[in-house]
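> Fold the following and give me the result.
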Amino acid sequence: MSVETVVFHGLPRADAATVDARIRRAKAALQGRVVILGHHYQREEVYRHADFHGDSLQLSRAAAQQEAEFIVFCGVHFMAEVADILSRPEQASILPDLNAGCAMADMADMPAVQRAWDELAAVLDPDETVTPVTYVNSSAALKAFCGAHGGTVCTSSNARKVLEWAFARRGKALFFPDQHLGRWTGHQLGIPLRDMPVWDPAKPLGGLTPEEIHRAKILLWKGHCSVHQMFQPAHIERWRATHPQGQVIAHPEAAFEVCAMADAVGSTDFIIRTVKASAPGSEWLVGTEINLVTRLAEEVRKEGKSVEFMSPMVCMCSTMFRIDPEHLADTLEALVAGRIVNRIQVDPATAALARVALERMLAVS
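The predicted model follows:
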């Protein structure tokens with residue numbers, strides 16, 4: 001079977017029913033040789049074809065447990081990397097569109113993190129006092145960095161357990177690339193905000209003094225998710241004025257002020273489980289990606305529950321949205337024809353160290 005890198009540009013747009021049928025035919029023709037993983041943020045036209053749905057932690061576990069020859073990841077690049085790292089060498093991890101990346105993941109790269117580690121070494125011994133923790137929304141290289149320096153990976157589902165593990169090993173954590181998840185998780189652990197300063201990689205010593213670094217419990221990388229940054233406290237205030245009995249639930253990638261005002265904060269899976277378990281007739285304002293919110297609203301409507309998107313403006317995850325039905329159909333049809341397109345392969349040395357960090361995470365979880 002040949003392996004190719006393909007970017008499907010300028011393809012004619014077929015009607016939705018035709019593309020849906022193509023996906024179903026190709027999947028049936030592969031007869032169990034392929035498994036499709038779909039993140040909760042994926043668009044419905046693709047999400048319905050996934051064999052496993054979930055957040056990053058659930059899909060990491062699913063990737064590690066698959067027997068299929070091909071793992072097609074309907075998500076973004078770092079997710080397909082995790083699938084390649086955790087799967088067997090003979091399995092192929094495939095991303096239907098190589099342009100499906102993650103802006104947050106790009107806010108921390110290997111040179112910047114290595115430079116931060118070197119700068120910390122001028123103030124303290126990081127390999128003795130700092131546990132590096134990378135959010136799963138990061139490159140394989142950064143996961144490997146954590147593996148090499150006694151650190152680990154976390155997701156929004158297990159960040160608290162992971163930080164507790166990190167503090168048990170060393171007194172501090174360097175948390176990247178999402179400052180908001182790190183800050184909220186630290187707050188939940190009782191860490192004062194003043195002890196969680198932001199490390200700005202564009203500034204010498206992260207813009208901090210040696211005294212601030214010594215005092216810090218968590219050094220928060222200056223990174224964020226643009227989708228979750230559009231949620232504002234004013235959105236919650238306006239909604240509560242007309243829904244006094246309603247409840248607000250937010251993802252921890254949202255700003256601290258939004259999380260502090262919410263009735264509940266948690267991962268995408270936590271949001272889904274909480275809303276589904278609520279009483280009939282419940283009213284919810286949800287602060288996370290629009291595809292998940294729309295799907296959840298439809299699923300609980302029959303119970304008289306209302307689910308609304310927190311922001312008056314819609315800003316979907318544009319990179320996740322690149323995985324469309326046409327790309328999925330073309331990818332599966334290529335496999336039927338004996339061609340592997342857009343395979344994601346992490347080099348063996350990086351994969352080995354990244355696997356160490358990921359396996360630490362899975363053990364803690």
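> quick one: low-confidence parts of this structure?
1-14, 314-320 (pLDDT under 70).
> So in it, which helix runs the longest?
Determined from DSSP state H, the single longest helix within the chain is helix 348-364.
> which strands and helices sit next to it?
Here helix 348-364 is seen to pack against helix 56-65, helix 77-86, helix 140-148, strand 152-154, helix 159-169 when contacts are counted using 3 or more CB pairs under 8 Å, 6 or more residues apart in numbering; DSSP states H and E. C-beta: built from backbone N, CA, C; applies to glycine.
> Centre of the chain to the fourth one, how far?
If you compare the mean C-alpha spot of strand 152-154 with that of the full chain, they lie 12 Å apart, counting by CA atoms, centre = their mean, to the nearest Å.
> same question, the longest one
What separates the centre of helix 159-169 from the centre of its chain is 19 Å, taken as CA atoms, centre = their mean.
> how about that helix as PDB, C-alpha atoms only?
The C-alpha trace of helix 159-169 is given here as PDB (Å, rounded to 0.1, in the frame of the first residue of the first chain):
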ATOM      1  CA  ALA A 159      -5.500  18.400  35.000                       C
ATOM      2  CA  ARG A 160      -6.100  18.400  38.800                       C
ATOM      3  CA  LYS A 161      -4.900  14.900  39.300                       C
ATOM      4  CA  VAL A 162      -1.900  15.600  37.100                       C
ATOM      5  CA  LEU A 163      -0.900  18.700  39.000                       C
ATOM      6  CA  GLU A 164      -1.200  16.900  42.300                       C
ATOM      7  CA  TRP A 165       1.100  14.300  40.900                       C
ATOM      8  CA  ALA A 166       3.500  17.000  39.700                       C
ATOM      9  CA  PHE A 167       3.600  18.700  43.100                       C
ATOM     10  CA  ALA A 168       4.200  15.400  44.800                       C
ATOM     11  CA  ARG A 169       7.400  15.100  42.800                       C
END
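> how about that helix: buried residues?
Judged by neighbour count using 16 or more other CB atoms under 10 Å, the buried positions of helix 159-169 are 159, 160, 162, 163, 165, 166, 167.
> circling back: would you tell me which of the helices and strands packed on helix 348-364 gets closest to residue 227?
Proximity to residue 227 (CB to CB) singles out helix 56-65 among these, at 14.6 Å.
> Could you identify the helix or strand that succeeds that closest one?
For helix 56-65, the succeeding helix or strand toward the C-terminus, using DSSP states H and E, is strand 70-74.
> OK, contacts around the residue nearest the centre of the chain?
Nearest to the geometric centre of the chain sits residue 137, at 4.7 Å (CA atoms, centre = their mean). Applying CB atoms under 8 Å, 6 or more residues apart in numbering, we find residue 137 in contact with 56, 78, 102, 104, 105, 177, 178, 225.
> So residue 275: helix, strand or coil?
helix (DSSP: H, G, I helix; E, B strand; the rest coil).
> picking up where we left off before, ramachandran angles for the residue nearest to the centre of the chain?
The phi/psi pair for residue 137 (degrees, to the nearest 10) reads phi -70, psi 70.
> One more: residue 257?
In terms of degrees, to the nearest 10, the main-chain angles of residue 257 are phi -60, psi -30.
> got the contact list for the closest residue to it other than its chain neighbours?
Distances taken as CB to CB, 6 or more residues apart in numbering place residue 233 nearest to residue 257, at 5.1 Å, with adjacent residues excluded. Listed by CB under 8 Å, 6+ apart, the contact set of residue 233 reads 257, 258, 261.
> gap between residue 233 and residue 260?
Noted for residue 233: a distance of 8 Å to residue 260, by CB to CB, to the nearest Å.
> Residue 151 too?
Distance, residue 151 to residue 260, using CB to CB: 28 Å.
> Of these two, which one has the most company?
residue 151 (27 against 13; other CB atoms under 10 Å).
> State the distance from that one to residue 287.
In terms of CB to CB, residue 151 sits 29 Å off from residue 287.
> Which residues does stretch 238-251 contact?
156, 228, 231, 236, 258-259, 261-268, 271, 274-275, 278, 282-288, 308, 310.
> again, 7 Å this time
Residues from elsewhere that reach stretch 238-251 (CB atoms under 7 Å, 6 or more residues apart in numbering): 156, 228, 231, 236, 258-259, 261-265, 268, 271, 274-275, 282-288.
> And those residues, which of them are buried?
156, 228, 231, 236, 258-259, 261-262, 265, 268, 271, 274-275, 282-288.
> Next step: those residues restricted to strands.
Mapping those onto strands (DSSP state E) picks out 265, 283, 284, 285, 286, 287.
> May I ask which helix or strand encompasses the residue nearest to the fifth one when sequence neighbours are not counted?
Translated: residue 286. What sits nearest to residue 286 in space, not counting adjacent residues and going by CB to CB, 6+ apart, is residue 293, at 4.8 Å. Secondary structure assignment for residue 293, by DSSP H and E: helix 290-300.
> any idea how far residue 149 is from residue 287?
Taken as CB to CB, the span from residue 287 to residue 149 is 33 Å.
> re the thing from before, convert the longest helix of the chain to CSV, retaining C-alpha atoms only.
What follows is helix 348-364 as a C-alpha-only set of coordinates in CSV (Å, rounded to 0.1, in the frame of the first residue of the first chain):
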residue,chain,number,x,y,z
PRO,A,348,10.9,7.3,16.8
ALA,A,349,13.1,9.2,19.3
THR,A,350,10.4,11.9,19.9
ALA,A,351,7.7,9.3,20.1
ALA,A,352,9.5,7.2,22.7
LEU,A,353,9.9,10.2,25.1
ALA,A,354,6.4,11.5,24.3
ARG,A,355,5.0,8.1,25.1
VAL,A,356,6.7,8.2,28.5
ALA,A,357,4.9,11.5,29.3
LEU,A,358,1.6,10.2,27.9
GLU,A,359,1.8,6.9,29.8
ARG,A,360,2.4,8.9,33.1
MET,A,361,-0.7,10.8,32.4
LEU,A,362,-2.8,7.7,31.7
ALA,A,363,-1.5,6.1,34.8
VAL,A,364,-2.4,9.1,36.9
